[in-house]
Structures are given as structure tokens and as C-alpha cells.
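[1] got a sequence here, can you build the structure:
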Amino acid sequence: MVKHGKRRGALLDVAASMFGSQGYAATSVSQLARKVGLSKPGFYHHIKGKKELLYEICHFSMTHLLKGAREAIASSTDPVAQIAEIIKRHGSFYREHSDKLASLRQARFLAPPQRREIFGMQHEYLDGVRSILREGQRKKVFRAVSPTVAAFSLFAILNSPATWYDPYGDLSWDDVMDEIRVFCLHGLQVAAEQVRAAKPGETKPWPGRVRTGSKRGDVKTPFDFN
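    Next up, the predicted model:
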């Protein structure tokens, strides 16, 4: 007989796959139960409902991503090294848990308290990257681009490989992540001749906040990419 913990783990894995591929609303309890060999009453013996599964998936993902970002920031005082390490850690998590990351796009279906918690964690992750970018601009190692635009562009790249990566191709996953890291850092970094030509204290006055939603209150997160 399969233990309760293993059934719950199987449900989380199946739910992450189905939420990520066909969406939360289109996934029924019956489908989830059938995938792991449970009846509908058996499903509710292990889990309260779909929202609990979605919350656990989202919380698991954001807890690991935030831990990785904090460790990356603590590992160096160099903004370039910090961003490179965040790219590496995000890529490693994505390789193992791409379904769970895709499920973060469904966080809007959570109950309000859980939704606020997960969105708060997502914005903490975003703010951490933006802070590194601002510090890099202050030190004149990053270009004077909007930190918000740069951060969302970075996440758009990091959250997309599963849609195009071919594991049977010429490049391994680590090779692909190395290429992404080089590409992103090359786009962010200031060329040496630009640093020498810049006047002391010269910076570009980007606004402190860039609207990222289509209407007031509709603020986007790093995982709102379809």
C-alpha cells in the first residue's frame, strides 16, 4: 500500500504538470485523482482541494528561489557575480521543477490570503534583482537601463527554456544556461571605454517605479509570462 506522504507527493507532481500545461481552471479534481489512481473521495483524504495543491506548489517554488537569491547576494559584493549566480541557481531549479515554475502563473486562483503571500514572495524576488541592478549602475558596471525593464526581460528569458529546449540537441542544459548567462550579462554590462568616458556622478534618471500592469492594481510578477 502506498503511504499517505507518497500519495500527496504524487498529487503535487501531477498537479504541477497539469496546472502548468493546461491551466488551473481547466484541471478537475477527477482528472488529478485519476492520474494517481485515486477515487474522488480518496483525493480529499489526502488533500483539501485544488487550491491547497496550488498553494503548496507555489510556496515550494518561491521558497527555493528566494533562498537561492539570498545566497547569491551574500556570496559576493560584485553585482555582476550576484546576477550570474542568480541566473545559475534559477536555471538549476528550473531544470528540476519547470512544471512547478509554470504553475506560478496560476497563483491568481489562490484564496486572497495565500495569493497575497505568494505575490509578496514573487515581488521580493523581483525587488532583489532590481536592487542588484541599481547597485551595478551605481558602480557603473551595468548600463543605465530601467532596472524594472531589465529584471522582467531577464526573467522572461529564464522562464522560457522549456518551451524550446531540446535535450537531444547539441547543447546540454548547462551549456544553454551558460549561453543565457553570457548573453544577459553582455547586454547589462557597460563596456570599459564607456566607463572611462562617463563624467563623474553621471547617471540616467530612471523613474523609481515603472508601471507593469494594464490597469491600476494589476501589477505583474516575474512569472506572469504565457
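[2] correct me, but Ile180 touches Lys88?
    No. The pair formed by Ile180 and Lys88 falls short of the contact definition of CB atoms under 8 Å, at 9.8 Å. The C-beta positions use only the backbone N, C-alpha and C, and glycine is treated the same way.
[3] any idea of the mean pLDDT in the lengthiest helix in the chain?
    Determined from DSSP state H, the single longest helix within the chain is helix 112-138. Per-residue pLDDT values across helix 112-138 average out to 95.
[4] which positions in that helix come out as buried?
    Taking 16 or more other CB atoms under 10 Å as the neighbour-count basis, helix 112-138 is seen to contain the buried residues 114-115, 117-119, 121-122, 125-126, 128-130, 132-137.
[5] lowest-confidence helix or strand of this protein?
    Lowest by mean pLDDT, DSSP states H and E among the helices and strands of the chain is helix 192-197, with a mean of 45.
[6] quick check: pLDDT value at Gly42.
    Predicted confidence (pLDDT) for Gly42: 86.
[7] start at 21 instead
    Okay, residue one is now 21; in that scheme the one you just asked about reads as Gly62.
[8] gap between it and Val49?
    For Gly62, the distance to Val49 equals 11 Å [CB to CB, to the nearest Å].
[9] what about the two, which has more around it?
    Of the pair Gly62 and Val49, Val49 is the one with more neighbours under other CB atoms under 10 Å, namely 15 against 12.
[10] helices of the protein, residue ranges please.
    With DSSP H as the definition, the chain shows helices at residue ranges 24-42, 49-55, 60-66, 70-94, 99-123, 132-158, 167-178, 193-208, 212-217.
[11] quick one: which of the ones you listed is nearest Trp184?
    Relative to Trp184, the nearest member of these by CB to CB is helix 193-208, separated by 9.6 Å.
[12] okay then, goodbye and thanks.
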